[in-house]
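**Q** I need the structure of the sequence given here:
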Amino acid sequence: MIAAKDKPKNLTPEEYFAWEEQQLEKHELINGQVYPMGIYAMTGGSKNHSLLAARLITLFTNHLEGSGCETATSDLRINIVGTNNYTYPDVSVTCDDRDKTTTQYITYPCPLVTS
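**A** So this is what the prediction gives:
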């Protein structure tokens, strides 16, 4: 995979999805503009950050077992409801059936955990 060097301007969600598939890092789409994902986009996260996210994912997953809810890592893109904005929280949970019909993102998470 080769990363595109030029940052695109004013993308639609469909253009953003296609563009991001070619990137080495994740990016947020906010008001048509692409931004490197979070404060750790260039340097990587800290040990404490990683451990906390892992613990929360484990707690949510264990607590919600058998409920039909899904717990996700920071690899799952979130569409901010009512917008064309997309981001990657550290941990998300969805119990909403509407999120089971999408493959590239969810729109109705509760809760979101980000640092």
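**Q** list the buried ones in the helix ranked longest in the chain?
**A** Assignment by DSSP state H gives helix 47-64 as the longest helix of the chain. For helix 47-64, the neighbour count (16 or more other CB atoms under 10 Å) marks 52-53, 56-57, 60 as buried. Backbone N, C-alpha and C define where each C-beta goes, glycine included.
**Q** what packs against it?
**A** Other helices and strands packing on helix 47-64, by 3 or more CB pairs under 8 Å, 6 or more residues apart in numbering; DSSP states H and E, are strand 70-72, strand 91-94.
**Q** okay if I get those strands as JSON lines plus distance to Glu14?
**A** Output for the helices and strands packed on helix 47-64, formatted as JSON lines (distance: least, CB to CB, whole Å):
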{"stretch": "strand 70-72", "distance to Glu14": "22"}
{"stretch": "strand 91-94", "distance to Glu14": "22"}
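**Q** highest average neighbour count across the ones you listed?
**A** A comparison of the helices and strands packed on helix 47-64 by mean neighbour count, using mean count of other CB atoms under 10 Å, puts strand 91-94 on top with a mean of 24.
**Q** can you list the strands that it pairs with?
**A** strand 70-72 (antiparallel), strand 112-113 (antiparallel) (DSSP bridges).
**Q** where does Pro13 fall, phi/psi-wise?
**A** Main-chain dihedrals, Pro13, degrees, to the nearest 10: phi -60, psi -40.
**Q** returning to what we had before: let me have the helices and strands packed on helix 47-64 in TSV, extended by mean pLDDT and distance to Lys100.
**A** Formatted as TSV, the helices and strands packed on helix 47-64 follow (pLDDT from 0 to 100; distance: least, CB to CB, whole Å):
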stretch	mean pLDDT	distance to Lys100
strand 70-72	94	8
strand 91-94	94	8
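**Q** please enumerate the strands of this structure.
**A** Using DSSP state E, the strands of the chain run over residues 27-30, 33-36, 70-72, 78-79, 86-87, 91-94, 112-113.
**Q** once you drop chain neighbours, what's closest to Asp75?
**A** Using CB to CB, 6 or more residues apart in numbering and skipping the chain neighbours, the partner closest in space to Asp75 is Tyr88 (7.2 Å).
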